[in-house]
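>>> Structure, please.
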Amino acid sequence: MIINLFDDSSWDSLRPLTFTRPVADLRIGILTIAEKWAKYLNADFGFNTQDYLSVKYPAKNNARISVNGSICPDNALVDAINDLKEGQVLVKGDVLIACSNDADNLELVTFNDEIQYNNDFIRIVYPNDIFTYNGIELKKDFELLTKGRTSSTLSSTNTFLGDDIFVEEGATAECSVFNSLQGPIYLGKNSQVWEGSFIRGSFALGDDSSVKMGAKIYPNTTIGPHSRVGGEINNAVIWGYSSKGHEGYLGNAVLGQWCNIGADSNNSNLKNNYAEVRLWDYGKESFRKTGLQFCGLIMADHAKCGINTMFNTGTVAGVSANVFGSGFPRNFIPDFAWGGAQGFEVYSLKKMFETAEKVYARRDLAFDEAEKDILSAVFNLTQEYRRF
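Numbering: from 1, shown residues only. As a prediction, the model looks like this:
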């Protein structure tokens, strides 16, 4: 089967995380949303997304169905989608879930033959939804990936509380504590957990990623592939190819790709007065109430911070933001901002590209024209927010 995953209005409300990717390429649980649908439907997938993203994330020809990329699959949803006949659409309220044909232009989709879906499902609309629902999706993905399979084993130097752990081929760990009594633990291929780490599930460590010595990992945390983490992490999702390799706290947070957190940097996830946390909303150009008491840092692709950075509760750092210096920077750090609490200036594309080329080279990857074009488009789209 071939499917395309389309962006709806959630692409706007999920910015800055979606400036550099379709909604379905967001990671929640162990897999990206697109990868989940591919496994549930045994399908090859493409994307119907913003024009400037379509070179890197193209649509597939001859797609049998189109699925809303903000919706996480489950068995009941899959059954309902498989039952769709030609010309039918699956909806819940005003949310289009899926079409039985390719929806490259949502405005042209007719609702003459609607199938109402009555069950609940998880839909990612705001950045904070990713860490809020990560524990649920992590358990679903764990079952999806491990059902009927046999885990590899870890060294006897480790301590295990509970046996709800799955280890992919090549994963290693020594002298660490794994507590899966409250939720499963998944270690991806060739991942490493270094000595003296304490990990409490639910937790996922992506392929070729590592947890450094003495780390403390709390539940509902996902570290994507090719990442390195240390210190204290709680209920956070790191997309992949990012580093938080040192001491410091990261909690109720989402980090994109190619991010780096400097040594001894911390984010607050609870206000001193225990009040509701607000997050910057690109559409409203103001701060949105989240309904959450715990909410930390949202950091988009290529954003970085220097040592001892202090992020206040509910901070949004945009694409390629580069933060450093003493004090607390503002709660919204615009895309391509360079500076900190003392003020910001524009982080030019030329300088940003020079850094990105070095970062990619460390992973033996090429920072190609497609990546440059996407970042150039984001730079132009976000000029209005850089009012320094």
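
>>> could you dump stretch 298-305 to CSV, C-alpha only?
The C-alpha coordinates for stretch 298-305 follow below in CSV (Å, rounded to 0.1, in the frame of the first residue of the first chain):
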residue,chain,number,x,y,z
ILE,A,298,10.7,23.8,23.1
MET,A,299,13.8,24.0,20.9
ALA,A,300,13.6,23.8,17.0
ASP,A,301,16.1,22.3,14.6
HIS,A,302,19.7,23.7,14.6
ALA,A,303,19.2,25.7,17.8
LYS,A,304,22.0,25.7,20.3
CYS,A,305,23.0,27.1,23.7
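
>>> And the contacts of that stretch?
For stretch 298-305, the surrounding residues in contact (CB atoms under 8 Å, 6 or more residues apart in numbering) are 16-17, 19-21, 127-128, 239, 253-262, 265, 279, 311, 315-324, 333, 335, 352, 356, 375. Placement of C-beta: from N, CA and C, glycine included.

>>> Which members of these are classed as buried?
The neighbour count (16 or more other CB atoms under 10 Å) marks 16-17, 19-21, 127-128, 239, 253-262, 265, 279, 311, 315-324, 333, 335, 352, 356, 375 as buried among the contacts of stretch 298-305.

>>> Take those residues and keep only those in helices.
Judged by DSSP state H, the subset of those located in helices is 127-128, 352, 356, 375.

>>> Look at Val78 and give its secondary structure.
Classification of Val78 using DSSP: H, G, I helix; E, B strand; the rest coil returns helix.

>>> residues touching it, list them.
40-41.

>>> Give the residue spans of the chain that score low on pLDDT.
Scanning the chain for pLDDT under 70 picks out the ranges 102-112.

>>> Can you show me the helices along it?
For the chain, the helices defined by DSSP H cover 10-13, 33-41, 75-82, 127-132, 134-146, 349-362, 369-381.

>>> nearest to Leu297, of the ones you listed?
Ranking the helices of the chain by distance to Leu297, with CB to CB as the measure, places helix 127-132 first at 10.0 Å.

>>> Tell me, how many residues neighbour Asp120?
Using other CB atoms under 10 Å, Asp120 has 9 neighbouring residues.

>>> how near is it to Asp129?
Per CB to CB, to the nearest Å, Asp120 is found 14 Å from Asp129.

>>> How about Ser151?
Remark: distance between Ser151 and Asp129 (CB to CB) = 30 Å.

>>> Repeat that for Ile33.
Distance, Ile33 to Asp129, by CB to CB: 12 Å.

>>> okay, these two: which has more neighbours?
The neighbour comparison of Ile33 against Asp129 (other CB under 10 Å) goes to Ile33, with 27 against 20.

>>> hang on, that one packs against Asp25?
Yes - taking contacts as CB atoms under 8 Å, Ile33 lies within contact range of Asp25: 7.4 Å.

>>> what do those two both touch?
Jointly contacting Ile33 and Asp25 under the rule CB under 8 Å, 6+ apart are Gly69.

>>> Leaving out sequence neighbours, find the closest residue to Glu195.
Nearest residue to Glu195, sequence neighbours excluded (CB to CB, 6 or more residues apart in numbering): Cys175, at 4.2 Å.

>>> re the thing from before, can you convert the ones in helices among the buried ones among the contacts of stretch 298-305 into a markdown table and add a column each for distance to Gly46?
Formatted as a markdown table, these follow (distance: CB to CB, whole Å):
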| residue | distance to Gly46 |
| --- | --- |
| Pro127 | 24 |
| Asn128 | 28 |
| Met352 | 29 |
| Ala356 | 26 |
| Leu375 | 22 |
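
>>> Now stretch 114-123: buried residues?
For stretch 114-123, by 16+ other CB under 10 Å, it's 115, 117, 121-123.

>>> out of those, who's nearest Met213?
Distances from Met213 to the buried residues of stretch 114-123, taken by CB to CB, are shortest for Ile122, at 34.8 Å.

>>> before we move on, could you check phi and psi at the residue nearest to that closest one when sequence neighbours are not counted?
For Ile122, ignoring the flanking residues on the chain, the nearest one in space by CB to CB, 6+ apart is Cys72 at 4.3 Å. Main-chain torsions, Cys72, degrees, to the nearest 10: phi -90, psi 130.

>>> contacting residues around Cys72?
28-29, 33, 36, 121-124, 133, 137, 140.

>>> thinking Ile217 is in contact with Ser197, fair?
Yes - using CB under 8 Å, Ile217 is in contact with Ser197, at 7.1 Å.

>>> So what's the residue count around Lys289?
Around Lys289 there are 10 residues (other CB under 10 Å).

>>> With the one 3 residues further on instead?
The number of residues packed around Leu292, counting by other CB under 10 Å, is 19.

>>> list the contacts for it?
If you count contacts by CB under 8 Å, 6+ apart, Leu292 has them with 128, 132, 252, 276-277.

>>> Try it again at 6 Å.
Val277 (CB atoms under 6 Å, 6 or more residues apart in numbering).

>>> For the residue nearest the centre of the chain, give its distance to Asn190.
The centre of the chain sits closest to Arg27, judged by CA atoms, centre = their mean, with a distance of 3.8 Å. From Arg27 across to Asn190, the span is 18 Å (CB to CB).

>>> Glu232 now?
Separation of Glu232 from Asn190 (CB to CB): 25 Å.

>>> Next: Ile307.
Distance of Ile307 to Asn190, computed by CB to CB: 29 Å.

>>> before we move on, what about Asn252?
29 Å.

>>> before we move on, what about Tyr282?
On the measure of CB to CB, Tyr282 and Asn190 end up 37 Å apart.

>>> Also Gln342?
Relative to Asn190, Gln342 is positioned 42 Å away (CB to CB).

>>> higher neighbour count, those two?
Asn190 (16 against 10).

>>> tell me how far the ends of stretch 89-98 are from each other?
End-to-end span of stretch 89-98 (CA to CA, to the nearest Å): 6 Å.

>>> Go ahead and name everything in contact with it.
For stretch 89-98, the external contacting residues (CB under 6 Å, 6+ apart) are 65, 67-68, 80-81, 99, 111, 114-115, 117.

>>> Mind listing what's buried along that stretch?
By neighbour count on 16+ other CB under 10 Å, the buried set for stretch 89-98 is 89-92, 95-98.
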